[in-house]
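> curious how this folds, go ahead:
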Amino acid sequence: MQKFIFFDIDGTIISEDGFLPDSAVRAIRAAREKGHLTFVNTGRTAMNVDTIIRKIGFDGYIYGCGTEMEYNGETIFHIVQTPAVSRAIETLVHRTGVAVLYECSNAIYYDETARMLPGLASLLEHYDQKHTAFYPVPTSPDWCIDKFVIWYDAASDLKSFQAGIQGKFDYIDRGNGFAEMVPCGCSKATGMQKMLALLHATPAQVYAIGDSLNDRPMLELAGTGIAMGDDSMLHPYADYITESLQADGLEKALKHFDLI
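Down below sits the predicted model:
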């Protein structure tokens, strides 16, 4: 029976420092050769999915925690915040002392006038090293965002920040002073639901593989949720825990379930 396999990127297919195991590439391609459909389901927006990932070969993509979807090379869903909401978030960021990175389908923006915390500085350096373009927040009145992430510390007014996004964005704490904001009603699970409806598939046919808490919705929706062995925060929501990315966990999981 054909299965539908959804993969997170960071920590699942590729490491933070850019290590892509040959075993992961081999396993994903083998699953497709066996007749299964494979999908990326990532918090990254479309422009931030590297060519090295796309070259593996996937049937579709869910970007930005369900804010955009692509199937067979065609965009089938995309939700964007209004300029008014986007500027209101910019004001909130300044008022609450968090560092921010705004994510859009076609660009990434940092705020030159907001705080610069070490986590953001490190990520921008990483983007610079791998030639991923990022830009200062523009002044144009039509500027708008898909989603965003923040870094915070003891000097940040995190409670006021969380109150300010209530009803507009869901707050996902990723640990270590880092959090992800996704529009209410969007998640990796809602993206999967839309994709499964398009494909006339049921959750029982679905395997989802991830490594962090923003993968929880897709693991819970899938008939079989698989967590990588690195981050114990996700493990309580998984049906199966495989080994780490570095220990060929993705390939071992697909072999365990006879998907390759």
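
> quick one: the helices in the stretch 101-250 of the chain?
Applying DSSP state H, counting those that start in this stretch to the stretch 101-250 of the chain gives helices spanning 118-129, 158-165, 188-199, 216-221, 249-256.

> check which residues of the second one are buried.
If I follow you right, that is helix 158-165. 158, 161, 164, 165 (16 or more other CB atoms under 10 Å). In short, each C-beta sits where N, CA and C put it, glycine included.

> what is that helix packed up against?
Helix 158-165 sits against helix 83-96, with contacts defined as 3 or more CB pairs under 8 Å, 6 or more residues apart in numbering; DSSP states H and E.

> out of the helices of the stretch 101-250 of the chain, flag the one nearest residue 89.
helix 158-165 (7.3 Å; CB to CB).

> middle-most residue in this protein, spatially?
Nearest to the geometric centre of the chain sits residue 43, at 1.4 Å (CA atoms, centre = their mean).

> surely it meets residue 180?
Yes. Using CB atoms under 8 Å, residue 43 is in contact with residue 180, at 6.1 Å.

> for residue 259, give me its contacts.
By CB atoms under 8 Å, 6 or more residues apart in numbering, the contact list for residue 259 reads 3, 5, 31, 34, 36, 207.

> now, the residues you listed that are in helices?
residue 31 (DSSP state H).

> could you identify which of the contacts of residue 259 has the most neighbours?
residue 5 (28 neighbours; other CB atoms under 10 Å).

> wait, doesn't that one sit right on residue 40?
No. Residue 5 is beyond contact range of residue 40, at 10.3 Å (criterion: CB under 8 Å).

> separation between residue 201 and residue 16?
The gap separating residue 201 from residue 16 is 32 Å, by CB to CB, to the nearest Å.

> who's more crowded, these two?
Each of residue 201 and residue 16 has its neighbours counted (other CB under 10 Å); residue 201 has more, 16 against 11.

> which residues sit in contact with that one?
For residue 201, the contact set (CB under 8 Å, 6+ apart) comprises residue 4.

> ok, now residue 189?
Per CB under 8 Å, 6+ apart, neighbours of residue 189: 66, 217, 218, 220, 221.
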